[in-house]
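>>> heads up, no residue letters with this:
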């Protein structure tokens, strides 16, 4: 019997992913998501430096560029962290691990991924949009101005009356127009541009007040650029958003903030962010990398589901990974899960096509709330665990279902390619 169409498609996908991985392994960097071989070549934005081939300890920029790589021995010999990167319009806040904690981690577990975190140089939050059609010039923007430390509850429509204050929201639409809003509240704004093109929307607040992006935090299933007057155009407007740089006025990323922003290619998340809400980046199918800042403790439900993540740096502050958090992130070749993670939810890594899940640095077995964490995985995948925990691990509740996938020798994975 000949090869089926579905099998041929899978072969093409595997070859495409192998091309991406080969480029990255040689120190290259690919931006965005590619569907064809031509896209893979045109997407190469840099690299080729053998010093940035993946090793035991790897340092990443927010866009997934691998900046430095060290063997375990070389990293442990460092007296300080490597030089911080610089980007125009941004201030690098540092690495999401400090050197003492990183060394302790590497000394015990032998490997670690570390990422650079940034904040905007003026403290404003910036949205980079691309308007490509004359018929869609009246751009929606959903934002919520609150007093510092305020926790929203109830119907967002009521807030304009209940939390009136001296708060101010200043929006520079990037076309010469500046809009100032007085008083706290939830605002469904629109701005009509006169020409198609690229614009940078800058959002500032006055001191003592904070900005929430989108309406998800107060019960509305609305992202920052959702059209709440005509839901049939939501995906069109959301797809205009290309890049996001979060400033010092955003305390957390709310649920659905960037939901279905299909063209969102990169996001700068500063150290001030402590939580990332449900589905906040779900279906951002161009988002190839993310650095989660140290201080975030939970990766919420479906946060990165159906993203194009090829690299993700998870800090040791994360203790739980909720259901569907990385569901259908089919481009990730592997992921290092910090040993601080003690709980993982349903389908947390379902349908990811990962070759292996690395728990080899763990000193105890994390709680798996369901046996379906790895649902819809590919045919050849493994769970790498420390040899001294193997016998207990394969018999642990909800892990035992995957006993035939649990191994202690990584060479089994390498030989299975």
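Structure's in. What do you need? No experiment lies behind these values; they were computed from the predicted model shown.

>>> quick check, central residue of the chain?
residue 290 (3.9 Å; C-alpha atoms, centre = their mean).

>>> you'd agree that one is in a strand?
Yes: using DSSP: H, G, I helix; E, B strand; the rest coil, the assignment for residue 290 is a strand.

>>> distance of the closest residue to residue 208 other than its chain neighbours from residue 206?
Counting by C-beta to C-beta, 6 or more residues apart in numbering, residue 208 lies nearest to residue 148, which is 5.2 Å off, once chain neighbours are set aside. Heads up, the C-betas are built off the backbone N, CA and C, glycines and all. According to C-beta to C-beta, to the nearest Å, residue 148 and residue 206 sit 10 Å apart.

>>> per-residue pLDDT of the residue nearest to the centre of the chain, please?
Residue 290 is assigned a predicted lDDT (pLDDT) of 92.

>>> over to residue 268?
We have a pLDDT of 95 for residue 268.

>>> in the sheet, who's paired with it?
Beta bridges link residue 268 to residue 245, judged by DSSP bridges.

>>> what sits against it?
Neighbouring residues of residue 268 by C-beta atoms under 8 Å, 6 or more residues apart in numbering: 62, 90, 118-120, 244-246.

>>> so where do the helices sit in this protein?
For the chain, the helices defined by DSSP state H occupy 5-25, 37-42, 72-76, 99-109, 159-162, 234-238, 390-393, 411-415.

>>> which strands and helices sit next to the third one?
When you say that, I think you mean helix 72-76. helix 99-109 (3 or more C-beta pairs under 8 Å, 6 or more residues apart in numbering; DSSP states H and E).

>>> how much space between the nearest residue to residue 92 once chain neighbours are set aside and residue 95?
Distances taken as C-beta to C-beta, 6+ apart place residue 84 nearest to residue 92, at 4.5 Å, with adjacent residues excluded. Using C-beta to C-beta, residue 84 is found at 7 Å from residue 95.

>>> and the two? Which one has more around it.
Counted by other C-beta atoms under 10 Å, residue 84 and residue 95 do not tie: residue 95 has more neighbours, with 21 against 16.

>>> tell me the bridge partners for the residue lying closest to the more buried one once chain neighbours are set aside.
Excluding the flanking residues, the one nearest residue 95 by C-beta to C-beta, 6+ apart is residue 114, at 5.1 Å. Note on residue 114: beta-bridge partners by DSSP bridges are residue 59.

>>> contacting residues for residue 114?
Shown in contact with residue 114 (C-beta under 8 Å, 6+ apart): 57-60, 95-97, 102, 313.

>>> got the confidence number for the residue lying closest to the residue nearest to the centre of the chain once chain neighbours are set aside?
Excluding the flanking residues, the one nearest residue 290 by C-beta to C-beta, 6+ apart is residue 312, at 5.5 Å. Note on residue 312: pLDDT of 86.

>>> can you get me a residue count around residue 312?
Other residues near residue 312 come to 23 when the count uses other C-beta under 10 Å.

>>> which ones are touching it?
Contacts for residue 312 were tallied using C-beta under 8 Å, 6+ apart; they are 289-290, 292, 304, 326, 332, 335.

>>> neighbour-wise, give me the winner out of the residues you listed.
Highest neighbour count within those: residue 304, with 27 neighbours (other C-beta under 10 Å).

>>> could you measure from that residue over to residue 93?
Residue 304 is 22 Å from residue 93, by C-beta to C-beta.

>>> that older thread, between the contacts of residue 268, which is closest to residue 363?
Nearest to residue 363 out of these is residue 62 (C-beta to C-beta; 30.2 Å).

>>> what's the local residue count around that closest one?
23.

>>> now the one 3 residues further on
Number of residues near residue 65 (other C-beta under 10 Å) recorded here: 21.

>>> that's all I had, so thanks and see you.
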